[in-house]
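A.B. asks: Using only what follows, build the 3D model:
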Amino acid sequence: MNQEERKLRSLIRKGIHIIQERKEQQKNEEKRLRNIVRHLINEAKVADQVVHKNTGINVLDKLLRDIINQIESTYKSLSSSELQRKSFRYHFLVNSKNLFKVVNANRDAPEGQLALAEQEAKPEVNISIDDKLEADDIDSPPDPDKFIPVRPQDEEKAKEEKEKKNGFIRVETDDEEIEQGADFAEDQLSHVEGRILQDYEKLRVKLDSETFEDWYLTNMKLYFDMFDDEIADKIGTEPESPGYPPKGAPAPLEEVYEI
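C.D. replies: Numbers count the residues shown, from 1 in each chain. The predicted structure is shown next:
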């Protein structure tokens, strides 16, 4: 190998080394730039986040940001009739409120459980029975399924027990539109109720939990109103007709059930 070839090879090696250094430098610059952009995005998110004066509202703020789009998508998909959406709204709100009742009942449970334990700890009192009577019929516990509620308070309690047993509360109806809206509401609530309960159960302070519940129901109603307005904007307004609604038409769902 002559001197010229050695010089050429040396220059090639130096050139390759310089190119590799520049590539590495470029990678480092790109990485540094990505970190800067990521930091700026995070700072912007923190700056945009509103901190409310109540912990419950702050928790609700984050919850709604995570679930409202999913609820909106399902609600707006009920485009066949307004009654389906009204049914969805009613069943979703009523059963959401029922979730809070379950948590509140569990929070109040320890005192009731203590009273029950004290009652069970009392010694049993054996009462002598005439041999002519069937002792099994008297001593055996009554079958609660045979109970017939006739007093108003008993009827209300029986209704609550039925709803608690069945889980999702539904309007008793044969109207397929209302039933379909209820089906979609039940499915949607099953996807978000875990997150709602998780956030609500963290709020041990009564003021925070009460504020969360109140603001949750209010905001959901407002969002449903906005969803309806957005749907109406896309569909347009139908012309009025002197013969509509027909006489004897059933009342709208919101007039029959308080939402």
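
A.B. asks: The stretch 101-250 of the chain: helices as residue ranges?
C.D. replies: In the stretch 101-250 of the chain, the segments counted as helices under DSSP state H, counting those that start in this stretch are 109-121, 135-139, 152-166, 176-202, 206-235.

A.B. asks: which parts of the longest one are buried?
C.D. replies: Same thing as helix 206-235. Residues of helix 206-235 classed as buried under the neighbour-count rule (16 or more other CB atoms under 10 Å) are 208-209, 211-213, 215-216, 219-220, 223-224, 227-228. Heads up, the C-betas are built off the backbone N, CA and C, glycines and all.

A.B. asks: Show me which of these is closest to V103.
C.D. replies: Nearest to V103 out of the buried residues of helix 206-235 is S209 (CB to CB; 8.1 Å).

A.B. asks: pretty sure the closest one contacts L203?
C.D. replies: Yes - the criterion here is CB atoms under 8 Å, and S209 meets it with L203 at 4.1 Å.

A.B. asks: which neighbours do these two share?
C.D. replies: G56 (CB atoms under 8 Å, 6 or more residues apart in numbering).

A.B. asks: How about the secondary structure of I57?
C.D. replies: Taking DSSP: H, G, I helix; E, B strand; the rest coil as the rule, one finds I57 in the helix state.

A.B. asks: D214 is in contact with that one, correct?
C.D. replies: No - the criterion here is CB under 8 Å, and I57 misses it with D214 at 9.7 Å.

A.B. asks: Test my guess that H52 contacts K62.
C.D. replies: No - assessed by CB under 8 Å, H52 is found out of contact with K62, at 10.9 Å.

A.B. asks: Counting residues, name the longest helix you see in the protein.
C.D. replies: Using DSSP state H to define each element, the chain has its longest helix at helix 3-48.

A.B. asks: And the average pLDDT for it is what?
C.D. replies: Taken as a whole, helix 3-48 has a mean pLDDT of 75.

A.B. asks: Equivalent analysis for stretch 63-72, please.
C.D. replies: Stretch 63-72 carries an average pLDDT of 94.

A.B. asks: ok, back up a step: rebuild the buried residues of helix 206-235 as a markdown table, extending it with distance to S81 and pLDDT.
C.D. replies: Formatted as a markdown table, the buried residues of helix 206-235 follow (distance: CB to CB, whole Å; pLDDT from 0 to 100):
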| residue | distance to S81 | pLDDT |
| --- | --- | --- |
| D208 | 39 | 94 |
| S209 | 36 | 93 |
| T211 | 35 | 93 |
| F212 | 33 | 94 |
| E213 | 31 | 93 |
| W215 | 30 | 93 |
| Y216 | 27 | 94 |
| N219 | 25 | 93 |
| M220 | 21 | 94 |
| Y223 | 20 | 94 |
| F224 | 16 | 94 |
| F227 | 15 | 94 |
| D228 | 13 | 92 |
